[in-house]
Each structure stands twice: as structure tokens, then as C-alpha cells.
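Q: sharing a model prediction with you, sequence too.
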Amino acid sequence: MNFPPISPKKLTDEKFVNLYSITHETRAGGRPWIFASRKSSGKAGVVSADGVAIIAVVHTTDGPRLLVTREFRPPLGCHELSVPAGLIDEGESIATAAARELREETGLHLAKILHVSPPLASSAGLSDETVCLVYGEAEGTIARDFQTEHEDIEARLLSLDDVRKILREPGTDVISSRLYPALVGFVAARSFIFPELA
């Protein structure tokens, strides 16, 4: 089945996120759909990278550690365990956005990029948002000095044993869908070494 281009109708007028409505044609006829978008009216419903999420390993004197973040998320009503992430500013490259967001949220420097994913859907039933996963290595000292006045992000460095414990006993924090597959993958590989993907 071929899908014609959508022409979303803007329903709200907010600064950062808006709701749009479309009618999606199915075999049974038209189906109304409302979705959220961070994009302007002319770009809503078009796939392009909105943000980055950084899966970074930090080499410490105690061995390699996985960098994760813990932040209170109002829509969830609890903390989320995730990875450093944020929006790509207009005109900014994926690499520049990843380095900036990593620095802002954790104080660390993105020393090396090993792989960048294509734009990946965040929650395709709810939003047109896509994010590029940036796999790399970070270095420096964790600090909150660069967070905005609205951010209260705790950065943590996890060993493989820490990751195993989280998978066995998740606790009350919600684990991000960006982080969970990485946790399982690293435990399965028994290493924080990124494979050659090229």
C-alpha cells in the first residue's frame, strides 16, 4: 500500500511541542490521528533527526564504565534512568549536538565518536520525533556546572556488575527505551567495547 504525503493540521500553538491532526488512509477507510511534534508546521510529519542520545563509555582507573543519567521526568511522575540526550539546534551537526549535550548534562567531553545511527523513532504512535544514537567515548570529570536552570541531572558511571544489578532489580526509576537495549547488549557481550559496525 502506498502512503500519500500527509498534510498535518496544527491544533496547538506552544513554543516547544505542538499537537497535529492527520487522517491516515487504511483498508477500512480514513482513520484520524493526533500526534505531537517539535517541528514547525511545514516540517511536522517529516522524518529528520530532532535530537541525539549519547551512549558513552568512560575509561577510568577502575576500568571502563557506562555513562548514564538520572533525571526527574514530570510526565512519568518519577525519575528516569537514561543516557545524555537533547535536541539538535538549527544548523547544528549531529556530532556537535552530541558533544554539546554531553558537556551540558554531565560536564564530560566527547572524546571519540564510534558510530552514529540513522534517525530512530522515539514513539511512532505518539510523535514524529526521531533521535540519532551517538556511540562513543567520553572523558573528564563529571560536573553539573553546565546544566541549564531547568535541569537537575545526575550523571553516574556504571560497571558491568552495576548494569547486571539494574537488569535484575530495576528499582523504582523508569529505564529509558534508549538505554535498556544497550544494558542488555553490554551484559550479553560481557564488555563495554563497541563492536566494529562498518
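A: Structure's in. What do you need?
Q: next, count neighbours for residue 31.
A: As a burial measure, residue 31 scores 10 neighbours (other C-beta atoms under 10 Å). Heads up, the C-betas are built off the backbone N, CA and C, glycines and all.
Q: residues contacting it?
A: 23-25 (C-beta atoms under 8 Å, 6 or more residues apart in numbering).
Q: list the buried residues of the strand or helix carrying it.
A: Using DSSP states H and E, residue 31 falls within strand 29-37. Across strand 29-37, burial judged by 16 or more other C-beta atoms under 10 Å covers 35-37.
Q: any regions of this structure where pLDDT drops low?
A: With pLDDT under 70 as the threshold, the chain has low-confidence stretches at 1-6, 45, 197-198.
Q: look up phi and psi at the closest residue to residue 107 other than its chain neighbours.
A: Spatial nearest neighbour of residue 107, chain neighbours left out: residue 143 (3.0 Å); criterion: C-beta to C-beta, 6 or more residues apart in numbering. Here is the backbone geometry of residue 143 (degrees, to the nearest 10): phi -150, psi 150.
Q: pairing partners for the most centrally placed residue in the chain in the sheet, please.
A: The residue lying closest to the centre of the chain (C-alpha atoms, centre = their mean) is residue 53, at 3.7 Å. With DSSP bridges as the criterion, residue 53 is bridged to residue 85, residue 133.
Q: does it really touch residue 88, like I thought?
A: No: using C-beta atoms under 8 Å, residue 53 is not in contact with residue 88; the gap is 11.2 Å.
Q: out of the contacts of residue 31, who's nearest residue 82?
A: residue 24 (30.2 Å; C-beta to C-beta).
Q: and residue 166, that's in a helix?
A: Yes: per DSSP: H, G, I helix; E, B strand; the rest coil, residue 166 lies within a helix segment.
Q: quick one: the closest residue to it other than its chain neighbours from residue 68, how far?
A: Closest residue in space to residue 166, ignoring its immediate chain neighbours: residue 183 at 6.5 Å, by C-beta to C-beta, 6+ apart. Separation of residue 183 from residue 68 (C-beta to C-beta, to the nearest Å): 9 Å.
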